[in-house]
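In: when you get a sec, could you give me coordinates for this:
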Amino acid sequence: MIKVNIDHFYDKIDFGIITIREDEFLAVLKFFDKTYEVSQERRYIICELEAKNGEFYYIAIVRCVEQGPLESQKVAHTIIQDLNPDWLLLIGIGGGLPNDDFTLGDVILASRLHDFCVEAVYDNKNSEFSDQGGPMHPKIQDLLGILPGYIQELGEWYGKIGLDYPIVNSHDDNLYGESEWKNKVKESIEKRFGKEKIKFEPRYKISTLASSNRLVKSSEVIKIWKSTARHIQAVEMELAGVYRAARTKNKEYPILSIRGISDIVGLIRKEEWTTFACHAAAAFAFTLLKTGRVKESKMGANRIWVENLIRTTTQTGNGSIIETFNSISNIISMIEKSGKIWDDQYNFYSQQIHLLCSTIYTELDKTIKMTNISIEHRLMARETKSKIEKNIQSITAYVEKHKKSKNEKDYQYHSVSDALNSLRDLIFQTTKMSNQ
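Out: Model prediction:
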């Protein structure tokens, strides 16, 4: 990994991935190439991901050293301050409740959070909980709503897990809780891993999730929670903290929680299932981001092209006037196609237009100041410079408008196209005058 200044990535990160356990962290790193390392309040691994549809994402990965909502809230707050990612992804494991629709090794995507961190404890009486939290960000709900339509794009995502299903033993010795609860657990487990040995593949499920500040292994606590939130299907310990950190004064950051089911409340957890669940969550997250359908890149789908162009320009030096002009024309063409200009494209345009002006004006000023040329020649140079300035002002106004109003098509493209053609002719005229 290359260590770089964190300022290079501020406000350019598409997804900030938060993990907790070391095995969750390593499972995520298995799928994302470790390209850069940056640090401020914390250290982050920065990855580049080119999606199948051409979107290009920057991803920052960080790990909470400790479990629980307080640590996750602190880490989420820090990554927001350090890098300002567009979305937050919480990737790791969770505990499932007995259910016929999903089980061990499946992946839960949270559509709503029930935050049970606030608890009242009494003598000789069950605890009472304040049900906080709420729905996920509208952008998350929008994604989850359309996700079943991406079945082809997701494909056999579970094939990337790279691990075989561990053995499941639903014998009574591996169950805990009261009899009714144990029977529910046993029935749900055997539906997927029963005597019929039907071949099942891991699946994903969109559902509500409960989060608290303690590791819940009690069916009695689950029953209390479900009395007010009956749609809960999984439990974990960190989403509540990230949820709080993501709700800032100026912005609410979308949180996509992806949890692999490592155990069922009522079934003793096995280490091999923990490993499988870590890789299942990471595999699904990677496949989902790879589709490019989650969101538009923060810097634009054409970022690779722009960065390659910048790199080529740097390697070949300043280049000729016409090469600089062609770079500007390409940027204008990209704006015309997408109706927007991204920050890196705008910065490159600014560099190139400055280079063009400084180069061409220098040539014209030399001509104007020459004493051994005719007055007509000198006046022609002044007139050419004035026309160039007007065309550059028109082109720059077009670019500036799209910088301020992204995603708005400007149907005055024919005007800027005329300005570009005129500028090209004036550049050739300037070159001809300079060579005379």
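
In: near residue 101, how many other residues are there?
Out: 11 (other Cβ atoms under 10 Å). To be clear about C-beta, it is placed using only N, CA and C from the backbone, and glycine gets the same treatment.

In: return the residues in contact with it.
Out: residue 205 (Cβ atoms under 8 Å, 6 or more residues apart in numbering).

In: so is it in a helix, a strand, or just coil?
Out: coil (DSSP: H, G, I helix; E, B strand; the rest coil).

In: give me the phi and psi for it.
Out: phi -90, psi -20 (degrees, to the nearest 10).

In: with the one 4 residues further on instead?
Out: Comment: the main-chain dihedrals of residue 105 come out as phi 90, psi -10, following degrees, to the nearest 10.

In: does it touch residue 277 like I think?
Out: Yes - using Cβ atoms under 8 Å, residue 105 makes contact with residue 277 at a distance of 6.4 Å.

In: more neighbours: which of those two?
Out: residue 277 (32 against 26).

In: where does that one sit: helix, strand or coil?
Out: Going by three-state DSSP: residue 277 is helix.

In: can you give me the pLDDT of the spatially closest residue to it that is not a sequence neighbour?
Out: Spatial nearest neighbour of residue 277, chain neighbours left out: residue 260 (3.3 Å); criterion: Cβ to Cβ, 6 or more residues apart in numbering. Residue 260 is assigned 97 on the pLDDT scale.

In: number of nearby residues for residue 260?
Out: Neighbours of residue 260 under the rule other Cβ under 10 Å: 33.

In: for the stretch 1-150 of the chain, what spans make up the helices?
Out: Here the stretch 1-150 of the chain has its helices, by DSSP state H, counting those that start in this stretch, at 22-31, 69-83, 138-146.

In: low pLDDT regions in the protein?
Out: Along the chain, the model assigns pLDDT under 70 to residues 195-199, 299-319, 338, 371, 405-414, 434-436.

In: mind checking how far the helix ranked longest in it is from the chain centre?
Out: The helix that spans the most residues within the chain, counting by DSSP state H, is helix 375-404. Here the centre of helix 375-404 is set off from its chain's centre by 40 Å, with Cα atoms, centre = their mean, to the nearest Å.

In: what residues sit buried inside it?
Out: Neighbour counts over helix 375-404 (16 or more other Cβ atoms under 10 Å) mark 378, 380-381, 384-385, 388, 391-392, 394-396, 398-399, 402-403 as buried.

In: run a quick neighbour tally on residue 85.
Out: Using other Cβ under 10 Å: residue 85 sits among 27 other residues.

In: so it versus residue 255, what's the distance?
Out: 11 Å (Cβ to Cβ, to the nearest Å).

In: cool, and residue 177?
Out: For residue 177 relative to residue 255 (Cβ to Cβ), the value is 31 Å.

In: check contacts around residue 155.
Out: residue 287.

In: now do the contacts for residue 162.
Out: 279, 283.

In: swap the cut-off to 10 Å and go again
Out: Residue 162 makes contacts with 27, 30, 276, 279, 283, as judged by Cβ atoms under 10 Å, 6 or more residues apart in numbering.

In: that one belongs to a helix?
Out: No - under three-state DSSP, residue 162 falls outside any helix and is assigned coil.

In: mind listing the strands for this protein?
Out: Per DSSP state E, the chain carries strands over the ranges 2-3, 15-19, 36-39, 43-50, 56-63, 87-96, 107-122, 125-135, 204-211, 232-236, 255-264.

In: next, format those strands as CSV and append distance to residue 348.
Out: Listed next are the strands of the chain as CSV, based on distance: least, Cβ to Cβ, whole Å:
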stretch, distance to residue 348
strand 2-3, 21
strand 15-19, 24
strand 36-39, 20
strand 43-50, 18
strand 56-63, 15
strand 87-96, 26
strand 107-122, 37
strand 125-135, 40
strand 204-211, 39
strand 232-236, 43
strand 255-264, 31
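
In: count the residues that sit near the closest residue to residue 202 other than its chain neighbours.
Out: Distances taken as Cβ to Cβ, 6+ apart place residue 158 nearest to residue 202, at 4.3 Å, with adjacent residues excluded. For residue 158, the number of neighbouring residues by other Cβ under 10 Å comes to 21.

In: quick one: contacts for residue 387?
Out: Counted by Cβ under 10 Å, 6+ apart, residue 387 has contacts 422-423, 425-426, 429.

In: mind checking how far it is from residue 422?
Out: 7 Å.

In: so what's the residue count around the closest residue to residue 102 other than its chain neighbours?
Out: Computed as Cβ to Cβ, 6+ apart, the closest residue to residue 102 that is not its neighbour in sequence is residue 205, at 4.6 Å. By other Cβ under 10 Å, 16 other residues sit near residue 205.
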